[in-house]
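**Student:** Return atomic coordinates for the entry below.
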Amino acid sequence: MERTRVRAPELRGRRWLNTGGRDLSLAQLRGKIVLLDFWTFCCVNCLRVLDELRELEERYADVLVTVGVHSPKFLHEADPVAVDAAVERYGVHHPVLDDPQLVTWDAYAARAWPTLVVVDPRGYVVAQMSGEGHAHGLAVLVEELIAEHADVLHRGGGPYVAPPEPETALRFPGKVIALPREDGRGGTFLVSDTAHHQLVELEADLATVRRRIGTGERGLVDGSEARFAEPQGLALLPDGDVVVADSVNHALRRVHLADGSVTTVAGTGDQLRDRVEVGGTADELSTPWDVVWWDGRVVVAMAGNHQLWTWDPATGATAVLAGTTNEGLRDGAPREAFFAQPSGLATSTPRVGGPASRHGSMLWIADAETSALRSMTAAPGVGAAVTTAVGQGLFDFGHRDGEAEKALLQHPLGVAVLPDGSVAIADTYNGAVRRYDPVTRTVGTLASDLAEPSDLLVDGDTLIVVESAAHRLVRVPIPASTLVEGGAHQVRRAPTDLSPGLLDLRIAFTPPTGQHLDTRFGDPTQLTVAASPPELLVAGTGTATGLARELVFGEVTEGVLQISVAAAACDEGDGVFAACHRYQQDWGIPVRLVPGAPGELTLDLRAVQ
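**Tutor:** Predicted structure coming up:
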């Protein structure tokens, strides 16, 4: 697909981070290859791209400058304090432009998180791509640009200036569980000390450290000198061991508490990139974020591919429990349900005569990107269903209590069942603890003014809150709910104007040099299209091969196109077993139908000038 060569628009935003207080411009970066990474810290795909780019940045440190362009989705992500914390939390070691008004996002016509743009040393855009898995292709492109622009290339250090190293006992803790009490003494608590890549056992005062598990170095190493990579969820197994959702390692780790030794029980360390249906399995996992014991197995909130999985400690087997891998909010049977970064899990235990017994055993899910509280019935199988208690979709959020159908959350990461059978929600980006009553179907607020609460644990008549951005755990009483009538918000991206009727959808994909689409065994592409509301489209939805499709709009004039694409490109050569690489991306594009607007939509999976 031929495109006009364009000069890269200037980088404009509120302020710069990781530059020692200096503002940067593209003119200052002339002579360097510049990689723009449009990201936001709620987006798990963006976080994985940060990790994908680390080796590339090290290898080409003398010619390549990566610039993160933080482009928020949620209101909280526009808070400068929250942006500062995210840059530290995720170890971002390159300059970051804080762009809360999406000025630079709009200038580059970005449509998805993450989007990557490559600017050559002369200041021209040479490639734009969406999603993950582009590290190899980027390396090939950088080598080509080095050769092509050798006459103007400036070698040497870049503009990154490291901030001072903070010192706290915990650093962005993620999740907490209670450990068994010993000899009648008060119990201890195990915390995932996420940014320190460790587990920490705390005394009952929530401050005194009894021991640390893991060396604190990022990695995937078993044994007594174990290494983790941003561990998150924890669950106590019936035999007394603990299973850990080791998020960046895409693995489940088992910890033997008696001696602190660690074993990897699921996952290979590589990210799962294939779509696995309910009932299926794979050796790889995709950013497991939380775990809980339920119905005789461990349920895994697989944030990376928007599914729930199970792991059986008796057999070691993993299986998909629910979710299609499409990102969104759709209820129904496990094979039909959509999730969006499920990040918190809890179960209700039926009590005879109590409120929970009227609802049966339930799995509760904090579905972060849809700002939703979801639930699933026990004994998954015939009649199992996923339902939404609170939440309206990918683009609606806020802090509003009252009737559950109208209540709003903002990117919740944790959930716990209270003694009365109601559900407490760590409403992370609202800095609050919310309460959902399944009997009255109402929502209230239990606590506010917290720093990104990421998990909750009931301990007697108090609630332990993991206050992640404050690097601590705190206790709050379990009070009666108060009602908050806060504002409702929507994602601030401008809708894309399209013509009513027929739409020509095309996905731009150019394999990296040295790779090709190998059709010997069939079409290696897959395109899935859905819409919210469903009435937005009357034709063209579903999954099929190909990178182009005709869609037909209905009478609804506004909504969201949900588009997922995958393409496999193989290394050049005649061998049947040539290595292949999978590229994939999900888009949620707000659209508005306007007569006279374009009748075509092109999305860049990997477009090279």
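
**Student:** partners of the spatially closest residue to Ala110 that is not a sequence neighbour in the sheet?
**Tutor:** Excluding the flanking residues, the one nearest Ala110 by C-beta to C-beta, 6 or more residues apart in numbering is Phe38, at 4.8 Å. Yep, even glycine has a C-beta here, placed from its N, CA and C like the rest. Applying DSSP bridges to Phe38 yields these beta-bridge partners: Val69, Thr115.

**Student:** same deal with Leu64?
**Tutor:** Under DSSP bridges, the residues paired with Leu64 across the bridge are Ile33.

**Student:** now swap in Ala539 and tell me
**Tutor:** Val552.

**Student:** Neighbours of it, how many?
**Tutor:** By other C-beta atoms under 10 Å, the residues close to Ala539 number 13.

**Student:** show me what contacts it?
**Tutor:** Residues near Ala539 by C-beta atoms under 8 Å, 6 or more residues apart in numbering: Glu550, Leu551, Val552.

**Student:** quick one: low-confidence parts of the chain?
**Tutor:** Counting by pLDDT under 70, the chain contains low-confidence residues at 1-4, 182-186, 349-360, 379-383, 480-492, 520-521, 573-580.

**Student:** Tell me the secondary structure of Glu57, please.
**Tutor:** For Glu57, the assignment made with DSSP: H, G, I helix; E, B strand; the rest coil gives helix.

**Student:** That one: neighbouring residues, count only.
**Tutor:** Count around Glu57 with other C-beta under 10 Å applied: 17.

**Student:** residues contacting it?
**Tutor:** By C-beta under 8 Å, 6+ apart, Glu57 lies in contact with Leu64, Thr66, His93, His94.

**Student:** burial count for the first one?
**Tutor:** By that I understand Leu64. The local packing of Leu64 (other C-beta under 10 Å) involves 23 other residues.

**Student:** ditto for Arg14
**Tutor:** 14.

**Student:** so it makes contact with Asp98?
**Tutor:** Yes. Applying C-beta atoms under 8 Å as the test, Arg14 and Asp98 come out as touching, 4.8 Å apart.

**Student:** Quick check: neighbours shared by the two?
**Tutor:** By C-beta under 8 Å, 6+ apart, Arg14 and Asp98 have these common neighbours: Pro80.

**Student:** coming back round to it: out of the contacts of Glu57, which sit inside helices?
**Tutor:** Using DSSP state H, no member of the contacts of Glu57 falls within helices.

**Student:** Pull out the buried positions in stretch 230-243.
**Tutor:** Applying a neighbour-count criterion of 16 or more other C-beta atoms under 10 Å, one finds Glu230, Pro231, Gln232, Gly233, Leu234, Ala235, Leu236, Asp241, Val242, Val243 buried in stretch 230-243.

**Student:** May I see the residues you listed organised as CSV, with secondary structure added?
**Tutor:** Below are the buried residues of stretch 230-243 laid out as CSV (three-state DSSP):
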residue, secondary structure
Glu230, coil
Pro231, strand
Gln232, strand
Gly233, strand
Leu234, strand
Ala235, strand
Leu236, strand
Asp241, coil
Val242, strand
Val243, strand
